[in-house]
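Colleague: Sharing a model that was predicted from the sequence below.
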Amino acid sequence: VQLQASGGGLVQPGGSLRLSCVVSGFSLEYYAIGWIRQAPGKERQGVACIDSSEGRTHVMDSVKGRFTTFRDNAKNTAYLQINSLEPEDTAVYYCVAGHNCQSLDYWGQGTQVTVSS
């Protein structure tokens with residue numbers, strides 16, 4: 001089971017990024033994919049998750065309206081779309097897989113998102 005997040009980078013405030021999470025070793029359609037971020041000196045935050053079965057999404061209240069998650073099972077890839085980026089979004093973003101959004105067990109390598117002017 002492998003997950004690889006990518007798509008991070010240095011972005012100015014107000015910009016957008018689309019993070020990708022490519023999975024291998026299992027079929028994405030049977031797994032939930034969560035996005036968790038960690039900023040220096042701060043606790044991890046689960047920012048979004050998409051269920052496996054119905055594709056229902058869950059987004060942290062504080063980022064609703066700016067963060068969207070979706071999946072393309074045929075490409076075995078999940079995505080996190082981040083709009084209107086703020087400096088507070090600066091963090092390493094990880095994608096994590098599990099049987100449901102309450103049980104995420106398989107971590108991939110993260111991708112750094114830096115929001116700065």
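Modeller: Everything's here; your move. Numbers count the residues shown, from 1 in each chain.
Colleague: Show me where the chain has its strands.
Modeller: With DSSP state E applied, the chain shows strands at 2-6, 9-11, 17-24, 32-38, 45-50, 57-59, 67-72, 77-82, 91-100, 103-107, 111-115, listed in chain order.
Colleague: mind giving me CSV with those strands and columns for mean pLDDT and mean neighbour count?
Modeller: The C-beta positions use only the backbone N, C-alpha and C, and glycine is treated the same way. Supplementary listing: the strands of the chain in CSV, determined by pLDDT from 0 to 100; neighbours: other CB atoms under 10 Å:
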stretch, mean pLDDT, mean neighbour count
strand 2-6, 95, 18
strand 9-11, 98, 14
strand 17-24, 97, 19
strand 32-38, 97, 23
strand 45-50, 96, 21
strand 57-59, 93, 16
strand 67-72, 96, 18
strand 77-82, 97, 22
strand 91-100, 96, 21
strand 103-107, 94, 15
strand 111-115, 98, 18
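Colleague: what phi and what psi does the backbone show at G108?
Modeller: The main-chain torsion angles of G108 are listed as degrees, to the nearest 10 and equal phi -110, psi 180.
Colleague: Across the sheet, point out what pairs with the closest residue to it other than its chain neighbours.
Modeller: Nearest residue to G108, sequence neighbours excluded (CB to CB, 6 or more residues apart in numbering): L3, at 2.9 Å. In this entry, L3 is beta-bridged to V23, by DSSP bridges.
Colleague: Give me the residue at the spatial middle of this protein.
Modeller: Nearest to the mean C-alpha position of the chain, counting by CA atoms, centre = their mean, stands W35 at 3.1 Å.
Colleague: so who does that one touch?
Modeller: 19, 21, 46-49, 67, 69, 80, 93-96 (CB atoms under 8 Å, 6 or more residues apart in numbering).
Colleague: Quick check: the farthest pair among those residues?
Modeller: F67 and V96 (15.3 Å; CB to CB).
Colleague: pLDDT value on S53, please?
Modeller: Here, the pLDDT recorded for S53 equals 74.
Colleague: Report the separation between it and F67.
Modeller: With distances taken as CB to CB, to the nearest Å, S53 is found 21 Å from F67.
Colleague: and what of G55?
Modeller: Between G55 and F67 the computed distance is 16 Å (CB to CB).
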